[in-house]
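> what shape does this take:
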Amino acid sequence: MAPVLRVRDLEWSVGGATIVDEVSFEAHEGEFLAFIGPNGAGKTSLFNLISGLVPATRGSIRLDGAEVTAESVPARARRGLGRTFQTSSLWPAMTVADHVRLAAQAASGGSYRIWRRASGYAGQVGRVLERTGLAHRADVPSAELSHGEKRKLELAVLLVGEPRLMLLDEPMAGVSAEEVPALTGLIRSLHREEGRTVLMVEHHMDVLLGLADRLAVMHHGTLLALDTPQTVTADPVVQQAYLGEAL
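Numbering: from 1, shown residues only. Predicted coordinates:
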């Protein structure tokens with residue numbers, strides 16, 4: 001079977017500076033692949049390329065064997081690619097349920113009109129909110145949510161589109177230490193219980209070591225290492241490049 005995602009010699013250059021430099025890797029069905037590296041290593045830029053937010057200077061991206069390097073963000077989403085971002089982009093005055101309903105409308109090909117009857121999506125919205133632990137917050141404006149709850153809402157918005165491949169960019173950013181275990185547990189269950197393929201950028205090594213099947217290290221735009229967490233964290237070259245000390 002073809003990998004869910006195949007990246008070959010991917011490069012992105014801006015103004016003469018190479019941000020992502022000849023990165024190649026594959027992600028297989030049901031795999032959890034975590035990306036680490038110092039700030040500016042090219043992790044988010046790599047996700048931007050895979051999701052279609054920026055055009056590749058060279059190289060190729062394939063989803064389920066199909067060439068998508070030149071496809072738009074919506075086209076890749078229709079193929080089952082979903083993405084979250086470092087910074088929340090929720091509407092403060094909109095309720096939790098309405099966020100998910102609008103995402104459901106978009107995923108089904110409906111309009112984004114907030115005044116459209118919600119009854120046709122109530123069951124779908126309810127199931128996703130239960131799955132993410134937000135059912136009791138359905139009528140709460142997103143501005144009143146904690147950082148951890150906002151991250152769960154972003155996952156709910158993503159899940160309603162039934163993504164096969166999920167790109168999660170620093171989901172723990174801004175989340176309190178008390179909320180990290182619950183959010184980690186949710187991401188783990190989406191991967192292990194539902195078999196979703198996950199690529200995740202994160203700086204919390206303790207979180208990643210409990211989730212990842214393989215660990216990828218980015219450094220100066222290149223893929224420095226890609227192997228099991230145990231092998232990667234024991235690599236002295238990785239230790240020096242990433243933290244300057246043992247991981």
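
> pull the number of nearby residues for the nearest residue to residue 52 once chain neighbours are set aside.
Closest residue to residue 52 apart from its sequence neighbours, by C-beta to C-beta, 6 or more residues apart in numbering: residue 73 at 4.3 Å. (Glycine included, C-beta is placed from N, CA and C.) Per other C-beta atoms under 10 Å, the neighbour tally for residue 73 reads 13.

> and if you look at the one 10 residues further on?
Here the count is done by other C-beta under 10 Å, and residue 83 has 22 residues near it.

> so what pairs up with it in the strands?
Per DSSP bridges, the residues bridged to residue 83 are residue 167.

> so what's it scoring on pLDDT?
Confidence at residue 83, expressed as pLDDT, is 95.

> please apply the same query to residue 66.
pLDDT at residue 66 comes out at 95.

> now it. Its backbone dihedrals?
Backbone torsions for residue 66, taken as degrees, to the nearest 10, come to phi -90, psi 130.

> so how far is residue 51 from it?
Using C-beta to C-beta, to the nearest Å, residue 66 is found at 15 Å from residue 51.

> between these two, which one's more packed in?
Using other C-beta under 10 Å as the criterion, residue 66 and residue 51 rank with residue 51 on top: 19 against 11.

> right, and that one touches residue 75 too?
No: judged on C-beta atoms under 8 Å, residue 51 makes no contact with residue 75 at a distance of 11.0 Å.

> in this protein, which spans are strands?
5-14, 17-27, 32-36, 58-63, 66-67, 81-83, 165-169, 197-201, 214-219, 222-227 (DSSP state E).

> ok, which of the ones you listed comes nearest residue 99?
For the strands of the chain, the distance to residue 99 is smallest for strand 81-83, at 14.6 Å, taking C-beta to C-beta.

> touching that closest one from outside, list them.
Contacts to strand 81-83, defined as C-beta atoms under 8 Å, 6 or more residues apart in numbering, come from residues 47, 50-51, 63, 158-159, 161, 163-167, 169.
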